[in-house]
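Chemist: Pasted the sequence and its predicted model underneath.
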Amino acid sequence: MRKYKQRLVDTVIFIVLLTGGLTMLVPFLWMISTSFKEPGTLFDLPIQLWPHTLHWENYRHVLTSVPFARWYLNSLLLATGLTFLNLTSGAMAGYAFARFSWKGKDAMFLLSLITLMIPAHVLIIPLFIIMSRLGWIDTYYALILPGMFDAFAIFLMRQNFISLPRELEEAALIDGATPWQIYWRIAMPLAAPALATLGTFTFLAGWNAFLWPLIATNSIEMRPLTVGLAVFNTQFTTQWTVLMAGLSLATIPPIIVFLAAQKYFIRGLTLGSLKG
């Protein structure tokens, strides 16, 4: 009897998860479907889930009517730059907090965590003033450098390094390894799941960034995709089919990044609950 009850519970859980997954796919599939519809047919009744003929003109329009390739490059540079800088600074700071001792370490770590409670919108005005004084407005410096240090990255990497057995590092130290060699050859390879998780989160955050790139850029050539595609929203109407074509192309890099890091992703998400 218990065996059948367990099967029933497993079946119900599977159905609920499957339903939830399909529900989350609906907006994505609707975006793809809309990108192939003819302009003006989106709101026709009855609702057409998939167009009878594929209207590729929407993709040609988004690729030729605006500097789409430049926007795509800007978004890639923004996302990859933020990812590289966050992984580098987060891993180094996290390892320092986890393994080294110095006066005021706990207070400094607590201070970095407190910054997570500050709304990002509060910092926009002083950040803009700093970038303006440096002459970096409308440059890649203003887009990327303000996000090179992140308290969440430091916290995640610290929790990961704390969970690693000290015996491995002590054995390497006895063998004559320097602290840098221990960090680079032992700690970093073991931190691959956390790095993959942090890299995925950071890349998605950089790729989807909108408010700060909107403020930090003036010229149309420096806009990332999120800001650039707003040109299809006019005062009285929106070119939905063309906009969805651009958004469909914009989903490709995040999907590739997630598929490349998925085998580490779930494992990395649980690192913070192991020890610390």
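Modeler: Thanks, I have it.

Chemist: Could you identify the helix or strand that succeeds the strand or helix carrying P213?
Modeler: Counting by DSSP states H and E, the element that carries P213 is helix 211-216. Following helix 211-216 in sequence order, the next helix or strand is helix 225-228 (DSSP H and E).

Chemist: and the helix ranked longest in the chain, what other elements does it pack with?
Modeler: Here the longest helix in the chain is taken by residue count, with DSSP state H as the criterion, and it is helix 2-35. The helices and strands touching helix 2-35, judged by 3 or more CB pairs under 8 Å, 6 or more residues apart in numbering; DSSP states H and E, are helix 240-250. No exception for glycine: its C-beta is placed from N, CA and C like everyone else's.

Chemist: What lies in contact with the helix it packs on?
Modeler: Taking CB atoms under 8 Å, 6 or more residues apart in numbering as the criterion, the residues outside helix 240-250 that touch it are 31-32, 34-35, 37-39, 42, 55, 58-59, 61-62, 65, 68, 72, 75, 207, 225-226, 229, 232-233.

Chemist: hmm, try it at 6 Å
Modeler: If you take CB atoms under 6 Å, 6 or more residues apart in numbering as the criterion, helix 240-250 is touched by 31-32, 34-35, 37, 39, 42, 58-59, 61-62, 225, 229, 232.

Chemist: Grab the CA positions of it and hand them over as CSV.
Modeler: As requested, C-alpha coordinates have been extracted for helix 240-250 and formatted as CSV (Å, rounded to 0.1, in the frame of the first residue of the first chain):
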residue,chain,number,x,y,z
TRP,A,240,5.4,44.1,-31.9
THR,A,241,6.3,41.6,-34.6
VAL,A,242,9.7,43.4,-35.3
LEU,A,243,10.3,43.8,-31.6
MET,A,244,9.7,40.1,-30.9
ALA,A,245,12.0,39.2,-33.8
GLY,A,246,14.8,41.2,-32.1
LEU,A,247,14.0,39.7,-28.7
SER,A,248,14.1,36.2,-30.2
LEU,A,249,17.6,36.8,-31.4
ALA,A,250,18.5,38.3,-28.1
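
Chemist: for it, what is the average pLDDT?
Modeler: Mean per-residue pLDDT for helix 240-250: 89.

Chemist: Can you give the contact residues for the helix or strand just after that helix?
Modeler: Where DSSP H and E defines the elements, the next helix or strand beyond helix 240-250 is helix 252-269. By CB under 6 Å, 6+ apart, the surrounding residues in contact with helix 252-269 are 192-194, 196-197, 200, 203-204, 207.

Chemist: could you check the angle helix 252-269 makes with the longest helix of the chain?
Modeler: When axes from the mean of the first three to the mean of the last three CA atoms, to 10 degrees is applied, the directions of helix 2-35 and helix 252-269 differ by 160 degrees.

Chemist: Report the angle between helix 2-35 and helix 240-250.
Modeler: Following the same axes, to 10 degrees, one obtains 120 degrees for the angle between helix 2-35 and helix 240-250.

Chemist: Could you list the residues in contact with the following helix or strand past helix 2-35?
Modeler: Secondary structure here is assigned by DSSP H and E; on that basis, the next helix or strand after helix 2-35 toward the C-terminus is helix 57-64. Defining contact as CB under 6 Å, 6+ apart, one finds that helix 57-64 is touched by 35, 68, 241-242, 245-246.
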